[in-house]
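K.L.:
Compute the structure for the input listed below.
(2 chains)
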Amino acid sequence: MPLLRISDLRTYFQTPQGVARAVDGVTLEVEPGEVLGIVGESGCGKSVLALSILRLLPMPPAFFAGGEILFEGRNLMTLSAEGIRKIRGNDISMIFQEPMAALNPVFTIGNQLAEVFRAHQGLSGGKSWQQSIEMLGMVRVPSPEMRVREYPYQLSGGMRQRVMIAIALACRPKLLIADEPTTALDVTIQAQILELMSELRRELGTAIIMITHDLGVIAETAHRVMVMYMGKVMEEAPTLELFDRPLHPYTRGLMRAIPSVAVTATTGELYEIPGVVPGLLARPSGCSFNPRCPMAQEICIDQEPVLREIRPGHRAACWFAEHVGNS
Amino acid sequence: MSAILDVRNLVKHFPVRRGILGGERRYVRAVDGVSFTVGSQETLGLVGESGCGKSTVGRTILRLLAPTSGEVWFRGRNILALGEEEVRSLRREMQIVFQDPFGALNPRLTVEQIVGEPLKNHGIGNRRERREKVEEALTMVGLLPEHLKRFPHEFSGGQRQRIGIARALVLRPRLVVADEPVSALDVSVQAQVLNLIARLQRELRLSIMLISHDLGVVRHISRRVAVMYLGEIVEVAPAGDLYGNPLHPYTQALLSAVPVPNPRLAKKRIVLAGDVPSPIDPPSGCRFHPRCPRRMEICPVEPPKTRQVALGHLVACHLYDTQGEMWIPPAPGGRESQEPM
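P.N.:
This is a model prediction of the structure:
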């Protein structure tokens, strides 16, 4: 049984101008210990999807318009407030892009870590403090017994993200949702954090949903990848398969638009995906990507393609996926 | 190739406020003796991580910040020795494009006013002529004349960056400093703006100093690349050499740290230990030595000299002490430098 199974999730927002369909019929599964990468540009719904899982969105204006979110068989969508609170931190936890915003500036690192152990595991003051130091050591914070007394502002961005990971993993959750965890960090620090995350995943067996705009991060961390655009899944495949054989014109465009440092990469004109992402309230008819798609035909404007399996384990929502795959 | 910009031993220290009890005055040594040139019609990439001083270099060159010491020769004149009035007129030839397309444009002004502002400031043309120049600049960056009367909030991030570029180009400068011009943009739009910058560079024969933390972006449109660490340039080389054969251990680590969108490319990653030290009290000797995987005994003791180890490939690292020849920034005097750095 998959650890997490989301089917046909629809998270919409009520706005004065109409209903914005931020997540519009997303289906996914995460197996225990697996890293699922979700990639897409700003506004594609990847963060709303993540926040939906833990019910962290303000409702209203957000509301669930359909679907279900099953975590170990329990539907998180209909769970009581108390029930979802127990899931958060214990079974599923989350780390964000900006660790400074997620940490409380007026409490020491130790206070904030110890609180997790007190609240979730009912540990005493002394024991929770000891656990906090151990946890900081686990995320490779140097001299944890000193750092534990420091405040967030005294730490560098990389150290703060380590602390966030320590807090997130304190209760040994089965699933970690990481929303752009390294986007605010410099590349050498990003490398440290990605390495730490993959070590901890191997040690603890935590499944990870890795949300990012960076296909490089995806290529290096994920077992399986989902590409999102305007709230919908455009393509989904095992990582190697996706990079070897992208079947959706959007995925293909993204891959060709990235300026790479690889020696083998060509320089010169980069591939451009024409135009911009339309607003969620101005969703094109048919396939959402059709106005920017180099392959769009009449059918793409008339009818929305469904996500279908083209090759084993490889699904794409494009009328011409077979054709893209062969070209 | 003659240099349009020749920067020599540029230093910029920011004073740090003293505590209540005073004590010794301390400085953030943001830029600490940087020398390089930008050739005519060349794009030079300046890369480094946050806090390495790359943006301070860009701003000091344009005299948006007053340098602590050093020389910046632009077309034969030392900008740092000029008076305010002369600097003002020189700004016609040197422009900057900023990172944040949201913060850099005045939300109360129309596109016509924003792009036309530099013309007005420099007293160029009458109203009709200015409008023509603005329209021309907008066309160059792929915007339409009908956009003239609109306000910044009506545009997407990519279009705003185009407006920022139009404003920088309306005076037809010779040198453009582009400070993280695509960092705020999504991948699909980033490619559009990068291609635009590359095209404008060719068509308008611009010299560009491209400042970025993104090694992929820099590789794509730069002819030469300089790598900064803690206020110093550690390596400069033609782009192909720098990416194909990086010599400085910091450049090697930086390149190996970039996640490559190709899962079949098994990379040997050099993961650097620790964080970048504070520029207030930088490490002795080579500033990279506390994090360097190839540290030697000499490294904490003596700062490495910059050496030219291949044509146009300069590196400041003790590993190359016996290779190539020592490179010394040319003496002051405004002559064209012989070797581009």
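
K.L.:
Pick out the residue of the stretch 1-150 of chain A closest to chain B.
P.N.:
Using C-beta to the nearest C-beta, the single residue of the stretch 1-150 of chain A nearest to chain B is residue A:41, 4.0 Å away. C-beta here means a position set from N, CA and C on the backbone, and glycine is covered the same way.

K.L.:
beta partners of the closest residue to residue B:97 other than its chain neighbours?
P.N.:
Among residues not flanking residue B:97 along the chain, residue B:178 sits closest, at 4.5 Å (C-beta to C-beta, 6 or more residues apart in numbering or on different chains). The partner list for residue B:178 in beta bridges (DSSP bridges) reads residue B:97, residue B:210.

K.L.:
is it true that residue B:178 touches residue B:207?
P.N.:
No: using C-beta atoms under 8 Å, residue B:178 makes no contact with residue B:207, being 11.1 Å away.

K.L.:
Looking at these two, which is more packed in?
P.N.:
Shown here are residue B:178 and residue B:207; by other C-beta atoms under 10 Å in any protein chain shown, residue B:178 has more neighbours (29 against 23).

K.L.:
Quick check: the residue of the stretch 101-250 of chain A nearest chain B.
P.N.:
Residue nearest to chain B within the stretch 101-250 of chain A: residue A:216 (3.1 Å; C-beta to the nearest C-beta).

K.L.:
wait, that residue sits on residue B:257?
P.N.:
No: Residue A:216 is beyond contact range of residue B:257, at 10.4 Å (criterion: C-beta under 8 Å).

K.L.:
and the residue nearest to residue B:97, what pLDDT?
P.N.:
The model reports residue B:178 with a pLDDT of 93.

K.L.:
and it, what does it touch?
P.N.:
Taking C-beta atoms under 8 Å, 6 or more residues apart in numbering or on different chains, we find residue B:178 in contact with B:96-97, B:197, B:208-211.

K.L.:
How much space separates it from chain A?
P.N.:
14 Å (C-beta to the nearest C-beta, to the nearest Å).

K.L.:
Mind jotting down where the helices sit in the stretch 151-300 of chain A?
P.N.:
Ranges of helices in the stretch 151-300 of chain A, per DSSP state H, counting those that start in this stretch, are A:157-169, A:187-204, A:215-221, A:239-244, A:249-257, A:298-302.

K.L.:
same check, this time on the stretch 51-200 of chain B
P.N.:
Ranges of helices within the stretch 51-200 of chain B are B:54-61, B:84-90, B:111-121, B:127-140, B:157-169, B:187-203, based on DSSP H, counting those that start in this stretch.

K.L.:
what packs against the fourth one?
P.N.:
Using 3 or more C-beta pairs under 8 Å, 6 or more residues apart in numbering or on different chains; DSSP states H and E, the elements in contact with helix B:127-140 are helix B:111-121, helix B:157-169.

K.L.:
could I get the contacts of residue B:178 as TSV with neighbour count and pLDDT?
P.N.:
As requested, those are exported to TSV (neighbours: other C-beta atoms under 10 Å in any protein chain shown; pLDDT from 0 to 100):
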residue	neighbour count	pLDDT
B:96	23	90
B:97	25	90
B:197	24	92
B:208	24	95
B:209	27	96
B:210	28	95
B:211	28	94
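
K.L.:
Name the helix or strand of the chain that has the lowest mean pLDDT.
P.N.:
Answering for chain A, as no chain was given. None of the helices or strands of chain A scores lower by mean pLDDT, DSSP states H and E than helix A:99-102, at a mean of 74.

K.L.:
Tell me which helix or strand comes right after that one.
P.N.:
helix A:109-121 (DSSP states H and E).

K.L.:
Give me the helices and strands touching that next one, please.
P.N.:
Counting by 3+ C-beta pairs under 8 Å, 6+ apart, helix A:109-121 packs on helix A:81-90, helix A:125-138, helix A:157-169.

K.L.:
Can you point out the buried residues in that helix?
P.N.:
A:109-118, A:120 (16 or more other C-beta atoms under 10 Å in any protein chain shown).

K.L.:
again, but for stretch B:42-61
P.N.:
So, applying 16+ other C-beta under 10 Å, buried residues of stretch B:42-61: B:42-49, B:51-61.

K.L.:
One more: stretch A:250-263?
P.N.:
In terms of neighbour count (16+ other C-beta under 10 Å), stretch A:250-263 has its buried residues at A:250-255, A:257-262.

K.L.:
Low-confidence stretches in chain A?
P.N.:
Within chain A, the ranges that satisfy pLDDT under 70 run A:263-267, A:327.

K.L.:
Kindly recompute the last result at 80.
P.N.:
Low-confidence segments of chain A (pLDDT under 80): A:98-101, A:121, A:125, A:184, A:260, A:262-268, A:324-327.

K.L.:
centroid residue for it?
P.N.:
residue A:211 (2.3 Å; C-alpha atoms, centre = their mean).

K.L.:
Specify the beta-bridge partners of that residue.
P.N.:
Beta bridges link residue A:211 to residue A:38, residue A:179, judged by DSSP bridges.

K.L.:
residues touching it, list them.
P.N.:
A:37-39, A:46-47, A:49-50, A:177-180 are the contacts of residue A:211 under C-beta under 8 Å, 6+ apart.

K.L.:
and which of these is nearest to residue A:207?
P.N.:
residue A:177 (9.6 Å; C-beta to C-beta).

K.L.:
Please tell me how far that closest one sits from residue B:181.
P.N.:
For residue A:177, the distance to residue B:181 (C-beta to C-beta, to the nearest Å) stands at 32 Å.

K.L.:
what does residue B:200 give?
P.N.:
11 Å.

K.L.:
Which neighbours do the two have in common?
P.N.:
Taking C-beta under 8 Å, 6+ apart as the contact rule, residue B:200 and residue B:181 both touch residue B:165.

K.L.:
Just want to know which of the two has more residues nearby.
P.N.:
residue B:181 (29 against 19).

K.L.:
In contact with the residue lying closest to the more buried one once chain neighbours are set aside, which residues?
P.N.:
Closest residue to residue B:181 in three dimensions, ignoring its sequence neighbours and counting by C-beta to C-beta, 6+ apart: residue B:97, at 5.0 Å. With contact set as C-beta under 8 Å, 6+ apart, residue B:97 has these partners: B:161, B:164-165, B:168, B:176-179, B:181.

K.L.:
switch the cut-off to 10 Å
P.N.:
B:104, B:161, B:164-169, B:176-182, B:193, B:197, B:208, B:210-211 (C-beta atoms under 10 Å, 6 or more residues apart in numbering or on different chains).

K.L.:
do the same with residue A:96
P.N.:
By C-beta under 10 Å, 6+ apart, residue A:96 lies in contact with A:47, A:50, A:102, A:161, A:164, A:168, A:177-181, A:183-184, A:211.

K.L.:
Show the contacting residues for residue A:301.
P.N.:
Contacts of residue A:301 by C-beta under 10 Å, 6+ apart are A:284-287, A:290-291.

K.L.:
Weed out the non-buried ones from the residues you listed.
P.N.:
Buried subset of the contacts of residue A:301 (neighbour count, 16+ other C-beta under 10 Å): A:284, A:286-287, A:290-291.

K.L.:
Tell me the one of the residues you listed nearest chain B?
P.N.:
Nearest to chain B out of the buried ones among the contacts of residue A:301 is residue A:291 (C-beta to the nearest C-beta; 12.6 Å).
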